[in-house]
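1. just the structure for this:
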Amino acid sequence: MTGNVWLREEPSPTSERMGIIIERGQPVEVLAVQGDWIRIRWAPQAQAEVVGWSPARWVGTLVSIPDTLVTPVATP
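-> Numbers count the residues shown, from 1 in each chain. Next comes the predicted model:
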């Protein structure tokens with residue numbers, strides 16, 4: 001993570017916050033991309049994981065995100 005971020009239930013700024021803040025520098029796994037949002041999995045400790053949506057600007061990647069994880073967005 002490139003900054004501290006609240007995870008959300010859905011890929012929207014009006015979506016309910018999950019009550020979880022992932023701190024800058026924490027490693028996460030990218031599960032999906034929808035528009036400017038990335039669905040991530042974070043495992044803060046063994047046998048525990050959290051899955052939610054984060055604005056893409058707060059997720060830094062070391063490798064390109066595979067196209068199979070990206071949901072196409074229709075353009076008008």
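2. strands of the protein, start to end?
-> 5-8, 17-22, 29-34, 37-45, 48-55, 70-71 (DSSP state E).
3. now what about the shortest one, what contacts it?
-> With contact meaning CB atoms under 8 Å, 6 or more residues apart in numbering, strand 70-71 is reached by 32, 33, 34, 35. Bear in mind the C-beta positions are built from the backbone N, C-alpha and C, glycine included.
4. are any of these buried, and which?
-> Neighbour counting over those (16 or more other CB atoms under 10 Å) leaves 32, 33, 34 as the buried ones.
5. grab the nearest non-local neighbour of the second one.
-> Right, residue 33. The shortest distance from residue 33 to any non-neighbouring residue, by CB to CB, 6 or more residues apart in numbering, is to residue 70 (4.5 Å).
6. also the first one?
-> Using CB to CB, 6+ apart and skipping residues adjacent in sequence, the residue nearest residue 32 is residue 39, 4.1 Å away.
7. test my guess that the one you found contacts residue 29.
-> No: Residue 39 is beyond contact range of residue 29, at 9.6 Å (criterion: CB atoms under 8 Å).
8. gap between the two ends of stretch 25-41?
-> Start and end residues of stretch 25-41 are separated by 14 Å (CA to CA, to the nearest Å).
9. just for this structure, where's the confidence low?
-> Within the chain, the ranges that satisfy pLDDT under 70 run 62-63, 72-75.
10. returning to what we had before: just say which of the strands of the chain is most tucked in.
-> Of all the strands of the chain, strand 5-8 carries the top mean neighbour count, a mean of 20, counting by mean count of other CB atoms under 10 Å.
11. how far does that one sit from its chain's centre?
-> With CA atoms, centre = their mean, to the nearest Å as the basis, strand 5-8 stands 8 Å off its chain's centre.
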